[in-house]
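take this sequence and fold it.
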Amino acid sequence: MVNASIARSRRRAHERGAAVFIVVLVITMLMAIGLFAANVATLSTIATGHERRMTQTHYLAEYAMQLALAEIEQNGGLDAIAPTESTNCSISTEPCWSFYPHTFDAAEDLVELPAPDAPGSLGRADVAWIAKVEITDKIKPAIGNRAGSDQGGPNAVSADYCTVTMNARLIAWPDGAVMDSVGSQESLSVVADILCSK
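Sure thing, here's the model as predicted:
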(Lines give C-alpha, C1' and ligand atoms only; values in the text may rest on other atoms or scores of the structure.)
Protein backbone atom coordinates (compact mmCIF):
# COMPACT_ATOMS: atom_id res chain seq x y z
CA MET A 1 0.00 0.00 0.00
CA VAL A 2 2.89 2.30 0.84
CA ASN A 3 4.56 1.44 -2.46
CA ALA A 4 1.36 2.29 -4.37
CA SER A 5 1.17 5.62 -2.61
CA ILE A 6 4.81 6.37 -3.44
CA ALA A 7 4.26 5.37 -7.06
CA ARG A 8 1.23 7.66 -7.28
CA SER A 9 3.23 10.55 -5.80
CA ARG A 10 6.00 9.99 -8.34
CA ARG A 11 3.50 10.03 -11.22
CA ARG A 12 1.97 13.30 -9.98
CA ALA A 13 5.36 14.97 -9.46
CA HIS A 14 5.39 15.93 -13.15
CA GLU A 15 1.89 17.47 -12.85
CA ARG A 16 2.81 20.06 -10.24
CA GLY A 17 1.74 23.57 -11.35
CA ALA A 18 -0.97 22.35 -13.73
CA ALA A 19 -3.72 23.61 -11.40
CA VAL A 20 -1.98 26.97 -11.01
CA PHE A 21 -1.70 27.26 -14.79
CA ILE A 22 -5.43 26.57 -15.25
CA VAL A 23 -6.39 29.10 -12.56
CA VAL A 24 -4.16 31.79 -14.13
CA LEU A 25 -5.60 31.00 -17.57
CA VAL A 26 -9.20 31.34 -16.29
CA ILE A 27 -8.41 34.62 -14.48
CA THR A 28 -6.77 36.00 -17.64
CA MET A 29 -9.78 35.06 -19.75
CA LEU A 30 -12.19 36.69 -17.27
CA MET A 31 -10.06 39.83 -17.20
CA ALA A 32 -10.03 39.99 -21.02
CA ILE A 33 -13.82 39.61 -21.12
CA GLY A 34 -14.17 42.41 -18.53
CA LEU A 35 -11.88 44.74 -20.49
CA PHE A 36 -13.79 44.01 -23.70
CA ALA A 37 -17.12 44.81 -21.98
CA ALA A 38 -15.72 48.07 -20.59
CA ASN A 39 -14.38 49.01 -24.03
CA VAL A 40 -17.75 48.32 -25.67
CA ALA A 41 -19.52 50.49 -23.09
CA THR A 42 -17.05 53.32 -23.73
CA LEU A 43 -17.49 53.07 -27.51
CA SER A 44 -21.26 53.19 -27.09
CA THR A 45 -20.99 56.37 -25.03
CA ILE A 46 -18.67 57.97 -27.60
CA ALA A 47 -21.02 57.03 -30.46
CA THR A 48 -23.96 58.57 -28.59
CA GLY A 49 -21.98 61.78 -28.12
CA HIS A 50 -21.15 61.96 -31.82
CA GLU A 51 -24.80 61.36 -32.72
CA ARG A 52 -25.88 64.19 -30.40
CA ARG A 53 -23.29 66.53 -31.89
CA MET A 54 -24.34 65.68 -35.47
CA THR A 55 -28.01 66.25 -34.61
CA GLN A 56 -27.19 69.60 -33.04
CA THR A 57 -25.15 70.60 -36.09
CA HIS A 58 -28.05 69.68 -38.39
CA TYR A 59 -30.47 71.86 -36.43
CA LEU A 60 -27.98 74.73 -36.31
CA ALA A 61 -27.67 74.56 -40.13
CA GLU A 62 -31.46 74.75 -40.43
CA TYR A 63 -31.42 77.68 -38.01
CA ALA A 64 -28.80 79.44 -40.13
CA MET A 65 -31.16 79.16 -43.12
CA GLN A 66 -33.95 80.64 -41.03
CA LEU A 67 -31.69 83.54 -40.01
CA ALA A 68 -30.89 84.21 -43.69
CA LEU A 69 -34.60 84.18 -44.56
CA ALA A 70 -35.35 86.56 -41.67
CA GLU A 71 -32.64 88.94 -42.88
CA ILE A 72 -34.10 88.87 -46.41
CA GLU A 73 -37.60 89.62 -45.14
CA GLN A 74 -36.39 92.42 -42.84
CA ASN A 75 -34.65 94.09 -45.79
CA GLY A 76 -37.80 93.99 -47.91
CA GLY A 77 -37.08 90.94 -50.03
CA LEU A 78 -34.28 89.45 -52.09
CA ASP A 79 -34.53 92.17 -54.76
CA ALA A 80 -33.63 94.78 -52.12
CA ILE A 81 -30.31 93.04 -51.34
CA ALA A 82 -27.42 93.42 -53.74
CA PRO A 83 -26.00 90.12 -55.02
CA THR A 84 -22.62 89.02 -53.73
CA GLU A 85 -19.65 88.91 -56.06
CA SER A 86 -19.41 85.46 -57.63
CA THR A 87 -15.89 85.00 -56.20
CA ASN A 88 -17.45 84.81 -52.71
CA CYS A 89 -19.85 82.05 -53.78
CA SER A 90 -18.93 78.40 -54.01
CA ILE A 91 -21.18 78.04 -57.05
CA SER A 92 -20.27 80.23 -60.02
CA THR A 93 -23.84 81.00 -61.04
CA GLU A 94 -25.01 84.57 -61.43
CA PRO A 95 -26.52 86.09 -59.39
CA CYS A 96 -25.59 84.75 -55.97
CA TRP A 97 -26.31 86.02 -52.46
CA SER A 98 -24.15 85.01 -49.46
CA PHE A 99 -25.20 85.31 -45.84
CA TYR A 100 -23.13 84.68 -42.74
CA PRO A 101 -25.63 84.32 -39.87
CA HIS A 102 -23.08 82.91 -37.44
CA THR A 103 -23.99 84.67 -34.20
CA PHE A 104 -26.76 83.83 -31.80
CA ASP A 105 -26.83 87.28 -30.17
CA ALA A 106 -30.60 87.72 -30.34
CA ALA A 107 -31.47 84.06 -29.77
CA GLU A 108 -29.13 82.65 -27.13
CA ASP A 109 -32.03 80.79 -25.49
CA LEU A 110 -32.41 78.62 -28.56
CA VAL A 111 -29.06 76.99 -27.90
CA GLU A 112 -29.77 75.89 -24.35
CA LEU A 113 -32.89 76.91 -22.50
CA PRO A 114 -32.66 77.80 -18.79
CA ALA A 115 -34.62 74.67 -17.79
CA PRO A 116 -32.84 71.53 -19.07
CA ASP A 117 -36.11 69.70 -19.68
CA ALA A 118 -37.78 72.57 -21.57
CA PRO A 119 -38.52 71.76 -25.23
CA GLY A 120 -37.11 73.81 -28.09
CA SER A 121 -33.40 73.84 -27.26
CA LEU A 122 -30.85 73.26 -30.02
CA GLY A 123 -28.48 71.52 -27.61
CA ARG A 124 -25.51 72.44 -25.47
CA ALA A 125 -24.66 76.13 -25.18
CA ASP A 126 -20.86 75.70 -25.12
CA VAL A 127 -20.71 75.38 -28.92
CA ALA A 128 -18.95 77.71 -31.32
CA TRP A 129 -20.11 77.67 -34.91
CA ILE A 130 -19.83 79.38 -38.25
CA ALA A 131 -22.27 79.17 -41.12
CA LYS A 132 -22.60 80.34 -44.69
CA VAL A 133 -25.88 80.39 -46.59
CA GLU A 134 -25.85 80.91 -50.35
CA ILE A 135 -28.87 81.66 -52.50
CA THR A 136 -28.68 80.95 -56.23
CA ASP A 137 -30.84 80.02 -59.22
CA LYS A 138 -33.42 82.77 -58.74
CA ILE A 139 -36.60 82.21 -60.77
CA LYS A 140 -39.10 85.06 -60.72
CA PRO A 141 -42.06 84.73 -60.37
CA ALA A 142 -42.13 81.71 -58.12
CA ILE A 143 -42.87 78.35 -59.73
CA GLY A 144 -46.45 77.31 -59.03
CA ASN A 145 -49.07 79.08 -56.96
CA ARG A 146 -48.17 80.32 -53.51
CA ALA A 147 -51.00 80.65 -51.03
CA GLY A 148 -51.64 84.27 -50.07
CA SER A 149 -49.60 85.81 -52.90
CA ASP A 150 -52.41 86.47 -55.37
CA GLN A 151 -51.91 89.99 -56.76
CA GLY A 152 -55.31 90.13 -58.43
CA GLY A 153 -58.86 89.98 -57.18
CA PRO A 154 -60.60 91.85 -54.39
CA ASN A 155 -58.03 90.95 -51.67
CA ALA A 156 -54.80 91.51 -53.57
CA VAL A 157 -51.47 91.42 -51.74
CA SER A 158 -48.34 93.24 -52.80
CA ALA A 159 -45.82 90.50 -51.98
CA ASP A 160 -43.89 88.97 -54.85
CA TYR A 161 -42.16 85.59 -54.38
CA CYS A 162 -39.40 83.86 -56.31
CA THR A 163 -38.08 80.31 -56.33
CA VAL A 164 -34.43 79.91 -55.31
CA THR A 165 -31.91 77.27 -54.31
CA MET A 166 -30.58 77.69 -50.77
CA ASN A 167 -27.32 76.00 -49.75
CA ALA A 168 -26.18 76.10 -46.13
CA ARG A 169 -22.84 74.91 -44.79
CA LEU A 170 -22.16 74.91 -41.07
CA ILE A 171 -19.28 73.81 -38.87
CA ALA A 172 -19.80 73.47 -35.10
CA TRP A 173 -17.27 72.57 -32.43
CA PRO A 174 -17.10 72.67 -28.60
CA ASP A 175 -16.24 76.21 -27.49
CA GLY A 176 -12.56 76.48 -26.64
CA ALA A 177 -11.56 73.43 -28.69
CA VAL A 178 -9.72 73.39 -31.99
CA MET A 179 -12.23 73.34 -34.83
CA ASP A 180 -10.17 71.04 -37.07
CA SER A 181 -9.82 68.31 -34.46
CA VAL A 182 -13.33 67.96 -33.02
CA GLY A 183 -15.65 69.88 -35.33
CA SER A 184 -18.70 68.44 -37.05
CA GLN A 185 -20.15 69.85 -40.24
CA GLU A 186 -23.46 69.84 -42.08
CA SER A 187 -24.47 70.83 -45.59
CA LEU A 188 -28.10 71.39 -46.54
CA SER A 189 -29.69 72.27 -49.87
CA VAL A 190 -33.29 73.17 -50.45
CA VAL A 191 -35.39 74.69 -53.22
CA ALA A 192 -37.64 77.29 -51.61
CA ASP A 193 -40.04 80.10 -52.40
CA ILE A 194 -38.84 83.27 -50.70
CA LEU A 195 -39.92 86.90 -50.67
CA CYS A 196 -38.48 88.81 -53.63
CA SER A 197 -40.16 92.16 -53.06
CA LYS A 198 -42.99 93.69 -51.07
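
can you pull out the helices in this protein?
In the chain, the helices defined using DSSP state H lie at 2-13, 18-74, 179-182.

got the ones you listed as a markdown table, with mean pLDDT, distance to K138 and mean neighbour count columns?
To be clear about C-beta, it is placed using only N, CA and C from the backbone, and glycine gets the same treatment. Putting these into a markdown table (pLDDT from 0 to 100; distance: least, CB to CB, whole Å; neighbours: other CB atoms under 10 Å) gives the following:
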| stretch | mean pLDDT | distance to K138 | mean neighbour count |
| --- | --- | --- | --- |
| helix 2-13 | 70 | 93 | 9 |
| helix 18-74 | 86 | 12 | 13 |
| helix 179-182 | 64 | 32 | 10 |
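
so which of these comes closest to E134?
Proximity to E134 (CB to CB) singles out helix 18-74 among the helices of the chain, at 9.0 Å.

ok now the closest one, how far from the chain's centre?
Here helix 18-74 is found 15 Å from its chain centre; the criterion is CA atoms, centre = their mean, to the nearest Å.

likewise for stretch 83-101?
For stretch 83-101, the distance to the chain centre is 24 Å (CA atoms, centre = their mean).

tell me how far L195 lies from I130.
Computed with CB to CB, to the nearest Å, the distance linking L195 and I130 is 26 Å.
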